[in-house]
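Trainee: next comes the sequence, and after it the predicted model I'd like to discuss.
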Amino acid sequence: MKLKTLLKESNAWDRKFGEPLPTLEDTRKAYRLKQEELNEDKDLLKVATTLGKRPSDVDSFLKKHKLDADDLLDVIEAGDRRRSSLMIIAAMNGRGKALRQLDDLLGFL
C-alpha cells in the first residue's frame, strides 16, 4: 500500500488542538469496532431474510428487547429452524407466549 493512500485514509490529522496523535492501540480498537459493526449488520440481514421480515422491523425488535441479531441466529440454528423462526415472528408481533418462550431461551425480560 502506498503512503499517499494511507495518508488519504488516515484520520490522524482530524483532531482538536491538544489531542495526542492516535496510537497503534487506538487504531486497533477502531478497526475491531468497525469489524464488529459489519458483522452485526450481516447478522441482522441474515435474520431478516430468514424470517422474511424487513431489517428495520427486526432491528426495532432487537433494540426494544436489548438483544443482538447473533442471539436470534443462535436460536434459529440451534433447534428446529421452522419452529424457531415462527416463534421469533410471533414474538415480534407481540404474542406473549412466544415472548416468554424466547425469554426462556435468551433471558432478556
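Mentor: Thanks, I have the structure now.

Trainee: Ala91: how many residues sit nearby?
Mentor: Counted with other Cβ atoms under 10 Å, the neighbours of Ala91 add up to 20. The way it works is simple: take the backbone N, C-alpha and C, and place the C-beta from them, glycine included.

Trainee: I meant to write Leu44 there.
Mentor: Leu44 has 20 neighbouring residues, counting by other Cβ under 10 Å.

Trainee: what's the distance between it and Gly107?
Mentor: To Gly107, Leu44 is 21 Å away according to Cβ to Cβ, to the nearest Å.

Trainee: check Asp59 too.
Mentor: Distance, Asp59 to Gly107, using Cβ to Cβ: 21 Å.

Trainee: those two: who's more crowded?
Mentor: When neighbours are counted by other Cβ under 10 Å, Asp59 comes out ahead of the other of Asp59 and Gly107, with 17 against 8.

Trainee: I figured that one was touching Asp43, is that so?
Mentor: No - no contact is recorded between Asp59 and Asp43 when judged using Cβ atoms under 8 Å, the distance being 10.8 Å.
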